[in-house]
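In: need a structure here:
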Amino acid sequence: MTKKIGILVGSLREGSFSKQVAKNLEKLLPADFEATFVKIGDLALYNEDLDVDGATPASWTEFRNTVNGLDAFLFVTPEYNRSVPAALKNALDVGSRPYGQSVWDTKPAAVISVSPGNLSAFGANHHLRQSLTFLNIPTMQQPEAYIGNVTTLLNEDGSVKEEGTLSFFKTIVASFVAWTNTNSKK
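Out: Model prediction:
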């Protein structure tokens, strides 16, 4: 049975390093894993006052319906000010509401953090994991996926430069596939 995987990229920039890494990871998924990049950039900021019949923004409803139809998630994020970008946190909030109707509940995930610096977006990775724990998203623990110095790992076209990096990406994907197969309801 095909697993439907949502890829959520924290950076909204079209040419972002996070998006480039996500595209490389997507290519490594097996044929029975169908990936979709879930758009988070046009979601209105979550405000409970708007989450009532007749007032709920269409972008929230569309997003919730999309996420609800997915089996697992790859979160690929940069670090902004030692945390996750606001757009990604907002997507988590929109999907977790109204209370008791979270579209995230019990669906497995992996977190990959990406940075041009040496710290590899460590802070964003762990802040994101805090939210995922609360949302009851079983999150893959190993291998830890901190992609630092990303500017030296990718070619200008976004492809991976070296076999060692590609091998690590393959390890991440193989572990994610096993994690998803073990923890998915499907």
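In: Identify the residues contacting the closest residue to residue 68 other than its chain neighbours.
Out: Nearest non-adjacent residue to residue 68, counting by Cβ to Cβ, 6 or more residues apart in numbering: residue 103, 4.3 Å away. From N, CA and C alone the C-beta is placed, and that goes for glycine too. By Cβ atoms under 8 Å, 6 or more residues apart in numbering, the contact set of residue 103 is 64, 67-68, 95-96.
In: The same query, at a cut-off of 6 Å, please.
Out: 64, 67-68, 95 (Cβ atoms under 6 Å, 6 or more residues apart in numbering).
In: Quick check: which element contains it?
Out: Secondary structure assigned from DSSP states H and E places residue 103 in neither a helix nor a strand.
In: measure it to residue 86 for me?
Out: 20 Å (Cβ to Cβ, to the nearest Å).
In: Quick check: beta-bridge partners of the residue most central in space within the chain?
Out: Geometric centre of the chain, nearest residue: residue 75, 1.6 Å, by Cα atoms, centre = their mean. Assessed by DSSP bridges, residue 75 has beta-bridge partners residue 8, residue 111.
In: all helices for this structure, in order.
Out: For the chain, applying DSSP state H gives helices covering 17-28, 58-68, 86-96, 122-134, 163-183.
In: Dump the ones you listed to TSV, plus mean pLDDT.
Out: Shown next, in TSV, are the helices of the chain (pLDDT from 0 to 100):
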stretch	mean pLDDT
helix 17-28	98
helix 58-68	97
helix 86-96	98
helix 122-134	96
helix 163-183	97
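In: Would you format those helices as a markdown table with distance to residue 36 included?
Out: Formatted as a markdown table, the helices of the chain follow (distance: least, Cβ to Cβ, whole Å):
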| stretch | distance to residue 36 |
| --- | --- |
| helix 17-28 | 9 |
| helix 58-68 | 7 |
| helix 86-96 | 14 |
| helix 122-134 | 19 |
| helix 163-183 | 14 |
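In: Mean neighbour count added to those helices, as JSON lines?
Out: Shown next, in JSON lines, are the helices of the chain (neighbours: other Cβ atoms under 10 Å):
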{"stretch": "helix 17-28", "mean neighbour count": "21"}
{"stretch": "helix 58-68", "mean neighbour count": "15"}
{"stretch": "helix 86-96", "mean neighbour count": "21"}
{"stretch": "helix 122-134", "mean neighbour count": "18"}
{"stretch": "helix 163-183", "mean neighbour count": "16"}
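In: quick check, distance from stretch 1-13 to the centre of its chain.
Out: Stretch 1-13 sits 6 Å away from the centroid of its parent chain (Cα atoms, centre = their mean, to the nearest Å).
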